[in-house]
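>>> Dropping the sequence and predicted coords here.
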Amino acid sequence: MERIYFLTLIMFQPSNHKIDVLIEGLFNSTLKLPAQIVRIRKQCHVYTSGDEDRMIYWIQHGHVKLVVDSEGGKECLLDIYSSGDFFGESCLAGLDFRIATATAMEDSILKRVDCQLFIAAINCAELHSFIRQLNSRMLEQQLFIADMVTMSSEVRLGKTLLRLGSRLGRKHSSGTIIDCRISQEELSQMIGTTRPRVTEFINKFRKLGLINLNMRRLIIIKEAKLTDYLSSMI
């Protein structure tokens with residue numbers, strides 16, 4: 001019982017892709033790091049799979065999703081990034097080509113810098129901070145893989161909504177609003193199931209009072225209720 005409770009606590013911990021004040025200061029220092037500002041229109045690509053790109057990106061405003069296509073044509077939505085998030089760090093591992101496609105979900109403003117300039121500019125304290133955040137991201141991805149093989153699609157959806165709420169949400173009297181319009185198709189790509197199944201679970205969660213939709217069709221999460229419900233299913 002204690003082990004199950006411990007795993008539940010880990011699985012429902014909010015993730016953190018935000019650059020802390022040290023790295024944010026680095027991106028905002030034009031003298032130390034000559035980052036280029038780029039504006040990406042909604043539904044346009046930052047980069048696509050196969051592109052040669054050695055840039056690290058930091059989001060000033062907007063939302064960007066990262067998608068991988070399988071050989072069979074299916075899409076897997078790896079993550080959604082928002083203001084203050086960084087992405088594109090795979091170039092630090094020496095990868096010259098992108099294996100995923102990054103697409104703006106709304107009009108977005110990014111800063112980008114060549115990975116070699118980033119490495120040259122970063123100091124020891126900033127490097128340690130950046131490594132901690134990369135480790136946190138790797139742990140989250142490992143837990144996600146574990147969920148894919150051990151959890152039902154209903155639990156995966158619920159946990160994904162909680163994670164999105166912790167990262168993209170804002171508190172409201174009615175609950176936590178995921179401040180990004182995410183389609184049911186995109187949710188199905190995130191958890192590895194079909195859109196009809198996602199629709200079924202969304203309707204079930206709404207009937208149970210675990211989530212709701214506001215006038216803008218944004219998802220409102222009752223975090224405590226949804227967490228308790230998912231814990232009862234593990």
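Yep, that arrived.

>>> For stretch 101-115, list every residue counted as buried.
101-105, 108, 110-115 (16 or more other CB atoms under 10 Å). In this view, the C-beta of every residue, glycine as well, is placed from N, C-alpha and C.

>>> same check, this time on stretch 129-148
Those would be 129-130, 133, 137, 140, 143-144, 147, for stretch 129-148 by 16+ other CB under 10 Å.

>>> which of those residues lies closest to Tyr47?
Within the buried residues of stretch 129-148, the smallest distance to Tyr47 is 18.5 Å, found for Arg137 (CB to CB).

>>> how far away is the closest one from Gln36?
24 Å (CB to CB, to the nearest Å).

>>> just checking, which of the buried residues of stretch 129-148 belong to helices?
Within the buried residues of stretch 129-148, residues falling in helices by DSSP state H are 129-130, 133, 137, 140, 143-144, 147.

>>> contacting residues around Ser82?
With contact set as CB atoms under 8 Å, 6 or more residues apart in numbering, Ser82 has these partners: 59, 62-63, 167-168, 179-180.

>>> In strands only, show me those.
Ile59 (DSSP state E).

>>> Of the contacts of Ser82, which one scores lowest on pLDDT?
Ranked by pLDDT, the contacts of Ser82 bottom out at Arg167 (87).

>>> Look up how far Ser136 lies from it.
Distance, Arg167 to Ser136, by CB to CB: 12 Å.

>>> try Leu164
Taking CB to CB, one finds Leu164 at 17 Å from Ser136.

>>> Provide the contact partners of the helix or strand containing Thr103 at residue level.
Assigned by DSSP states H and E, Thr103 belongs to strand 101-104. Outside of strand 101-104, the residues within contact range by CB under 8 Å, 6+ apart are 40-49, 57, 62-69, 87-88.

>>> Could you rerun that using 6 Å?
40, 42, 44-49, 64-67 (CB atoms under 6 Å, 6 or more residues apart in numbering).

>>> cool, and stretch 219-234?
By CB under 6 Å, 6+ apart, stretch 219-234 touches 8, 12, 155, 158, 161, 165, 174-178, 210-212, 214.

>>> Please flag which of the residues you listed sit within strands.
175-178, 211-212.

>>> can I get those in JSON lines with pLDDT, neighbour count and distance to Glu185?
Compiled in JSON lines, the ones in strands among the contacts of stretch 219-234 are given as follows (pLDDT from 0 to 100; neighbours: other CB atoms under 10 Å; distance: CB to CB, whole Å):
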{"residue": "Gly175", "pLDDT": "91", "neighbour count": "21", "distance to Glu185": "23"}
{"residue": "Thr176", "pLDDT": "94", "neighbour count": "22", "distance to Glu185": "22"}
{"residue": "Ile177", "pLDDT": "94", "neighbour count": "20", "distance to Glu185": "20"}
{"residue": "Ile178", "pLDDT": "94", "neighbour count": "23", "distance to Glu185": "16"}
{"residue": "Ile211", "pLDDT": "96", "neighbour count": "24", "distance to Glu185": "17"}
{"residue": "Asn212", "pLDDT": "94", "neighbour count": "15", "distance to Glu185": "20"}
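
>>> so which of the residues you listed comes closest to Ile119?
Of the ones in strands among the contacts of stretch 219-234, the one sitting nearest to Ile119 (CB to CB) turns out to be Ile178, at 34.4 Å.

>>> Report the contact partners of the closest one.
164-165, 168-169, 219.

>>> And the furthest pair within the residues you listed?
Leu168 and Ile219 (9.9 Å).
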